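Q: Structure for this input, please:
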Amino acid sequence: MLKNMLLSNNILEATHNVSNNCKNRIKPTMLNSVKTEAILVFSRTALERYFTEVEENDFELKVGTKEETEYVYTTLRYLTAKLQEVVVNVDYLLNLVQSAKTYPELRKIAKLEEPLINYYDAMAQQVSIYYKDKPAYMPEFLIICILSHWILEEEKSTDLYPFLKEIDFTELFYIFEKNREEFVKDDVCVVSDILNIATQTVEKLKKTKYKANTNRISKTRKKK
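A: Coordinates of the predicted model:
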């Protein structure tokens, strides 16, 4: 009896840990929309980690004039807050996968997240490969470029996430573009470099397909 109660509490705790990451999550049902969700999960994760690093190390944020800097980072903080309301981050996915190994009750949830995990991994791997032998700069600009490409150039729907329509990605992009001389590292224009990896990442996501595991045969079907 006590053992069952402890097991039940452990399951509840694991469920709480994976669900508390985003209390008002918007979960798309169409696979194409899950790709948009994957981009937003990627964006939330990158921005959270970036702003945490900025605060912990007291980094000075600067792009162009004082007004431009304030506009860019106020907008990005707003975007981060909105994403935290309706989109999970990668920690949720990692915790869910790990917890599902211990608690079978969570495996059904993990299964439902497989397309999102698949699409997120494709993006993360593409960025990781690109920066394998060189440092990664300006993650905030990478997010701006990826979102701009996906929403504006690929014309993907943002109906599930209306707050994205409030953000002028063209203006954000322009501020970095016009001040590209500020971002030259080791004779390499970081702005051009990030534009390149952003394009590659979006193209990788577009080509990535999710296939459910159809090799499993249910016990009911097997008996027939």
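
Q: ok, the most centrally placed residue in the chain - contacts?
A: In the chain, the centroid-proximal residue (Cα atoms, centre = their mean) is residue 42; its distance is 1.4 Å. By Cβ atoms under 8 Å, 6 or more residues apart in numbering, the contact list for residue 42 reads 90, 120, 123-124, 143, 146. C-beta coordinates here come from the backbone N, C-alpha and C atoms, glycine included.

Q: Ok, residue 35 next?
A: Here residue 35 is in contact with 119, 156, 205-206, 208 (Cβ under 8 Å, 6+ apart).

Q: so it sits in a helix?
A: Yes - when DSSP: H, G, I helix; E, B strand; the rest coil is applied, residue 35 is found to be in a helix.

Q: Okay, it and residue 125: tell me how far apart.
A: For residue 35, the distance to residue 125 (Cβ to Cβ, to the nearest Å) stands at 15 Å.

Q: Kindly report the same for residue 116.
A: From residue 116 to residue 125 the distance is 15 Å (Cβ to Cβ).

Q: So which residues of this structure form helices?
A: Secondary structure of the chain (DSSP state H): helices at 2-19, 31-57, 66-86, 90-102, 107-112, 114-130, 139-148, 169-178, 190-207, 219-223.

Q: For these, could you give me a markdown table that also reports mean pLDDT and distance to residue 160?
A: Shown next, in a markdown table, are the helices of the chain (pLDDT from 0 to 100; distance: least, Cβ to Cβ, whole Å):
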| stretch | mean pLDDT | distance to residue 160 |
| --- | --- | --- |
| helix 2-19 | 50 | 19 |
| helix 31-57 | 95 | 6 |
| helix 66-86 | 97 | 8 |
| helix 90-102 | 91 | 18 |
| helix 107-112 | 91 | 17 |
| helix 114-130 | 95 | 14 |
| helix 139-148 | 97 | 14 |
| helix 169-178 | 96 | 17 |
| helix 190-207 | 95 | 17 |
| helix 219-223 | 42 | 35 |
